[in-house]
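Visitor: Sequence and predicted model, in that order:
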Amino acid sequence: MAYHQGPPLGILGFDEIEKVRINGIVKHLKLDAESSLQWQDYFGALQHYSLALEYACKTPYTTEEIPKILCNKSMVLLKLKRYDEALKDAMFSINDFPYWIKGYWRASNVLKELGQFERAVDILNNGLSACISYSAPKEDQIIFFIEMLTLLCQDKGNTFKRNLQIPQDEATKEKVIQRLILNKSWANISYLVTGVYPGNNVDLAGSFSDLNFSFVPVGNLLRQISVSQKKSWGIQLAIALLRNGASYEQMEFDVGQAAIHIGVQDALETGSTDFLKFLLGTYINTSSKKDMINTNGDTAIHVVIKTGKTNSTYGETILRLLVNYGCKFCHKDMSGKLPIEYLKPTDQGYTLLQTANNNPDLINIPDQRLPQTHTPQQSKNTIDAII
């Protein structure tokens, strides 16, 4: 192996020459190890890092290289599944060089691989403390916190409660949430915002609940999670985000539907009217918002009735909720039909609309949004059917 030659002997003393020589050896061994890693030659990389560590430990001139080599060696040992040795090197770095943040990261990786999530969380928490003590970049703090959060959410059976490091400034909290959004980690966001998620840990539950969520796209949340996730924690999260600054208009844009239709769709999917009630009680507060049509030309009442589920308890409940909140049932769809025309007199929905029509506040008004494509006689029969 060839090494760089140091300065001429006549210029530097013996100690300085030795320092240059050792530094050169360590540098080249590290480069050789990196080359081996590129070829996935982990045994070769381990040999080079081990030899580099021997040289670095022989002289005080290369002390700053020791934690770097230890962490890289730990990474290689982990790839070789030599867990005890990998953890030993990482802990050596932590104990003797606590300022070198990567030591905590390497140790947590080993413990995570071993399924020891509780110990891994403790190590990451210590790493966060070190980040603060040694003024590490904010990016390091964010990475450590998200990894700790992820482990807590993965360890569904653990209920331990400890005093963990939590970002205090809003800017860092926002960056954490933004990173989780990018990763589509909505369950982790739910854990931080509402404390409701598929697990039992409460260490960080609700710790971000006071944040302004104007930057969070609720529409992406609704599009990217499953129906079962909506039932479990997703709708509670959506409500919490909207209550704390998330944009209703952006939600409509991202989903491609008016809020009334988003709420109805959710209610039909989940069998719960919680989200629909929330929307009707907050954002959907005008007739125009309540009676918006979808791309098929249907009002929310049309949508519910056309599912054919108004004779079921939850279908009738959704329909009743829409009527009680002032959604009109006098508008015609693109086929020129009123909602009631899709019902039989024996249907629960038919009785509900007939009863609601007797309320003066719910008397039908002319449809000014859709063109009428039916004959005058059809129009007369339709009006007769609902009065």
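Guide: Cool, the structure landed.
Visitor: Now for residue 170, how many residues are close by?
Guide: By other CB atoms under 10 Å, 12 other residues sit near residue 170. From N, CA and C alone the C-beta is placed, and that goes for glycine too.
Visitor: Distance of it relative to residue 214?
Guide: Counting by CB to CB, to the nearest Å, the separation of residue 170 from residue 214 is 12 Å.
Visitor: what's the closest non-adjacent residue to residue 306?
Guide: residue 342 (6.0 Å; CB to CB, 6 or more residues apart in numbering).
Visitor: for residue 22, same thing?
Guide: residue 59 (5.1 Å).
Visitor: so residue 203 touches residue 155, yeah?
Guide: No. Taking CB atoms under 8 Å as the definition, residue 203 is not a contact partner of residue 155, at 10.2 Å.
Visitor: tell me the contacts of residue 227?
Guide: Residues near residue 227 by CB atoms under 8 Å, 6 or more residues apart in numbering: 269-270.
Visitor: Let's see that with 6 Å instead.
Guide: residue 269 (CB atoms under 6 Å, 6 or more residues apart in numbering).
Visitor: got any ranges where the stretch 201-350 of the chain has weak pLDDT?
Guide: Under the criterion pLDDT under 70, no range of the stretch 201-350 of the chain is flagged.
Visitor: where along it do the helices fall?
Guide: Along the stretch 201-350 of the chain, the stretches classed as helices by DSSP state H, counting those that start in this stretch are 218-224, 227-229, 235-243, 248-255, 259-270, 274-281, 287-290, 300-306, 313-324, 348-357.
Visitor: Count the residues that sit near residue 234.
Guide: 24.
Visitor: How about it: what's its closest non-neighbour residue?
Guide: Per CB to CB, 6+ apart, closest to residue 234 is residue 225, 4.7 Å.
Visitor: Surely that neighbour touches residue 233?
Guide: No. Look at residue 225 against residue 233 with CB atoms under 6 Å: they stay out of range, at 8.7 Å.
Visitor: Scan the protein for its longest helix.
Guide: helix 14-38 (DSSP state H).
Visitor: helix or strand right after that one?
Guide: Using DSSP states H and E, the helix or strand that follows helix 14-38 towards the C-terminus is helix 42-58.
Visitor: so that following helix versus helix 14-38, what angle?
Guide: Orientation of helix 42-58 against helix 14-38 (axes from the mean of the first three to the mean of the last three CA atoms, to 10 degrees) gives an angle of 160 degrees.
Visitor: Flag every buried residue along helix 42-58.
Guide: The neighbour-count check on helix 42-58 (16 or more other CB atoms under 10 Å) flags 42, 44-53, 55-56 as buried.
Visitor: Out of those residues, which comes closest to residue 20?
Guide: Nearest to residue 20 among the buried residues of helix 42-58, counting by CB to CB, is residue 55 at 12.9 Å.
Visitor: Show the model's pLDDT score for that closest one.
Guide: With respect to pLDDT, residue 55 scores 91.
Visitor: again with residue 199
Guide: Residue 199 is given a pLDDT of 78.
Visitor: give me phi/psi at it?
Guide: phi -170, psi -180 (degrees, to the nearest 10).
Visitor: out of the buried residues of helix 42-58, which one sits closest to residue 315?
Guide: Of all the buried residues of helix 42-58, residue 315 sits closest to residue 42, with 60.1 Å by CB to CB.
Visitor: I'd say the closest one and residue 80 touch.
Guide: Yes. Assessed by CB under 6 Å, residue 42 is found in contact with residue 80 at 5.4 Å.
Visitor: could the buried residues of helix 42-58 be laid out in CSV, adding distance to residue 190?
Guide: Putting those into CSV (distance: CB to CB, whole Å) gives the following:
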residue, distance to residue 190
42, 38
44, 45
45, 40
46, 41
47, 46
48, 45
49, 41
50, 45
51, 49
52, 45
53, 44
55, 50
56, 46
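Visitor: List just the nearest of those to residue 289.
Guide: Distance to residue 289 across those (CB to CB) is lowest for residue 42, with 60.7 Å.
Visitor: for the closest one, what are its contacts?
Guide: 76, 79-80.
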